[in-house]
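Participant: coordinates for the following, if possible.
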Amino acid sequence: TLLCGLSGEGDFPLITRHLIRECENEDVRHIEDVRFEATQILLAEDNPTNLLVATTMLEKMNCMVTPAGNGHEAVKLVKQRQFDLIFMDCNMPEMDGWEASKTIRKIESEDEDDVHTPIIAFTAHAMKGDDTRCFDAGMDDYLPKPVNKGEMQRMLVKWLDHKIISPTVSSDNATSTPTL
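Facilitator: Numbering: from 1, shown residues only. As a prediction, the model looks like this:
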């Protein structure tokens, strides 16, 4: 199907940001379970509740989660091994997520393997300009808190689509292929 069920045969919809958002939400709503193959996630989060919730969501998608309680721990782990993606809380003790991201990008720039690990900000800051601060620190994307399963799934599909092994489509949309 074209755009959210429109057949494309004589249909000329007025495309608005609301229609686009509805289509994006519809696509994720029809995916009940996305699983990833051998996906290593570094989760830098100092709040134990947020850490538990995010870890649970990620593990249900077959991701292997390595926790870091602050930016220093995250940088130390990046020096030790390779991750497929990093979720980085912006406000952490000792070293915040912005500084940790800058440090990780510096490490990557000095690496001969030319690796660029996507860094996704977890931020309670959802005000105008906060996204710019994340991008300036070397982050690739951001999720405002509180994070829900659909948003996290959408972010993983966006950055790790090559790692998807089993999207399961719900029965009410079993005939169409979701477009993420």
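Participant: quick one: secondary structure of the residue nearest the centre of the chain?
Facilitator: Centre of the chain computed as the mean C-alpha position; nearest residue by Cα atoms, centre = their mean is Met155, 3.2 Å away. Per DSSP: H, G, I helix; E, B strand; the rest coil, the local secondary structure of Met155 is helix.
Participant: all the strands of this protein, residue numbers only.
Facilitator: The residue ranges that make up the strands of the chain, judged by DSSP state E, are 31-33, 39-44, 63-68, 85-89, 119-123, 141-144, 168-169.
Participant: how about those strands, which one is nearest Lys102?
Facilitator: Counting by Cβ to Cβ, Lys102 lies closest to strand 119-123 out of the strands of the chain; the figure is 10.1 Å. Backbone N, C-alpha and C define where each C-beta goes, glycine included.
Participant: phi, psi for the closest residue to Leu51 other than its chain neighbours please.
Facilitator: Using Cβ to Cβ, 6 or more residues apart in numbering and skipping the chain neighbours, the partner closest in space to Leu51 is Glu45 (4.5 Å). Main-chain torsions, Glu45, degrees, to the nearest 10: phi -150, psi 130.
Participant: go ahead and confirm Glu45 touches Ala54.
Facilitator: Yes: shown here, Glu45 and Ala54 form a contact pair, counting by Cβ atoms under 8 Å, at 6.4 Å.
Participant: mind listing the shared neighbours of these two?
Facilitator: Both Glu45 and Ala54 are contacted by Phe87, Phe122, under the criterion Cβ atoms under 8 Å, 6 or more residues apart in numbering.
Participant: quick one on the thing from earlier: tell me how far the residue nearest to Leu51 lies from Leu143.
Facilitator: According to Cβ to Cβ, to the nearest Å, Glu45 stands 12 Å off from Leu143.
Participant: which neighbours do the two share?
Facilitator: By Cβ under 8 Å, 6+ apart, Glu45 and Leu143 have these common neighbours: Phe87, Phe122.
Participant: ranges for the helices of the protein?
Facilitator: Chain-ordered helices for the chain, with DSSP state H as the definition, fall at 17-29, 48-60, 71-80, 97-110, 130-136, 149-160.
Participant: distance of Thr103 from Asp96?
Facilitator: Going from Thr103 to Asp96 by Cβ to Cβ gives 11 Å.
Participant: want to throw the strands of the chain into CSV with mean neighbour count, distance to Asp131 and mean pLDDT?
Facilitator: Listed next are those as CSV, based on neighbours: other Cβ atoms under 10 Å; distance: least, Cβ to Cβ, whole Å; pLDDT from 0 to 100:
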stretch, mean neighbour count, distance to Asp131, mean pLDDT
strand 31-33, 14, 25, 61
strand 39-44, 23, 18, 96
strand 63-68, 19, 23, 96
strand 85-89, 26, 14, 95
strand 119-123, 25, 8, 91
strand 141-144, 18, 6, 90
strand 168-169, 13, 31, 49
